[in-house]
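Chemist: build me a model:
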Amino acid sequence: VSVEDRLTSLDLSENRLATCPDTLGRLWRLTRLDVSRNKLASSRGFDAAVALQTLLLAGNRLREVVGLAGLADLCRLDLAANSLSSVASLRPLAAKKSRLCDLDLAGNPLDPATARLQLRALLPRLRRLKLDDDDDGLVPPPD
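Modeler: Next up is the predicted model:
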């Protein structure tokens, strides 16, 4: 059995990556991927790892989120410390079958009060939404 058939977690943080690795599609069992603190300007291509449950993209150069709608099992997404300035740039996360329940956006130029309201409407399954470093991120249940 090859490593590609067994690998479930991969840490590629702090590697100066500018694009998504082409080999992700072969890692069909990969459930956790850390590509934080790189030089990524796009999230395109990460949907090739179809089994991902956790994707850590913190500390990159992202201005929008694209190419993640196909990750039906994605539950935790860390987008902290990027350049996401509007909730509209996060709309692709609202796929019909999205299971996203934990989203970290701390350190992005978003207005926390406005973003919290918009994201709760956009992503109703969220249980944790972190918008700044002082935020515990817990999302109260709807009224």
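Chemist: got the buried residues for the longest helix belonging to the chain?
Modeler: Longest helix in the chain, counting residues (DSSP state H): helix 112-122. Of the residues in helix 112-122, 112, 115-116, 118-119, 122 count as buried by neighbour count, 16 or more other C-beta atoms under 10 Å. In this view, the C-beta of every residue, glycine as well, is placed from N, C-alpha and C.
Chemist: I'd like those residues as a markdown table, with pLDDT appended.
Modeler: As requested, the buried residues of helix 112-122 are exported to a markdown table (pLDDT from 0 to 100):
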| residue | pLDDT |
| --- | --- |
| Pro112 | 90 |
| Ala115 | 93 |
| Arg116 | 92 |
| Gln118 | 93 |
| Leu119 | 93 |
| Leu122 | 91 |
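Chemist: next up, the contacts around Ala80.
Modeler: Contact partners of Ala80, counting by C-beta atoms under 8 Å, 6 or more residues apart in numbering, are 58-59, 104-108, 130.
Chemist: what's the most distant pair in these?
Modeler: Taking C-beta to C-beta as the measure, the contacts of Ala80 reach their widest spread between Gly59 and Lys130, a distance of 14.4 Å.
Chemist: in the sheet, who's paired with the residue nearest to the spatial centre of the chain?
Modeler: A centroid search over the chain (C-alpha atoms, centre = their mean) returns Leu77, at 3.1 Å, as the residue closest to the centre. Assessed by DSSP bridges, Leu77 has beta-bridge partners Leu55, Leu103.
Chemist: roughly how far does the closest residue to Ala48 other than its chain neighbours sit from Val50?
Modeler: The shortest distance from Ala48 to any non-neighbouring residue, by C-beta to C-beta, 6 or more residues apart in numbering, is to Gly25 (3.8 Å). With distances taken as C-beta to C-beta, to the nearest Å, Gly25 is found 8 Å from Val50.
Chemist: for Leu12, which residues are in contact?
Modeler: Neighbours of Leu12 in contact, by C-beta under 8 Å, 6+ apart: 21, 33-35, 38.
Chemist: how does it look with 7 Å?
Modeler: Leu12 makes contact with 34-35, according to C-beta atoms under 7 Å, 6 or more residues apart in numbering.
Chemist: same deal with Ala88?
Modeler: Shown here is Ala88, which makes no contacts under the criterion C-beta under 7 Å, 6+ apart.
Chemist: I appreciate the help and will end here.
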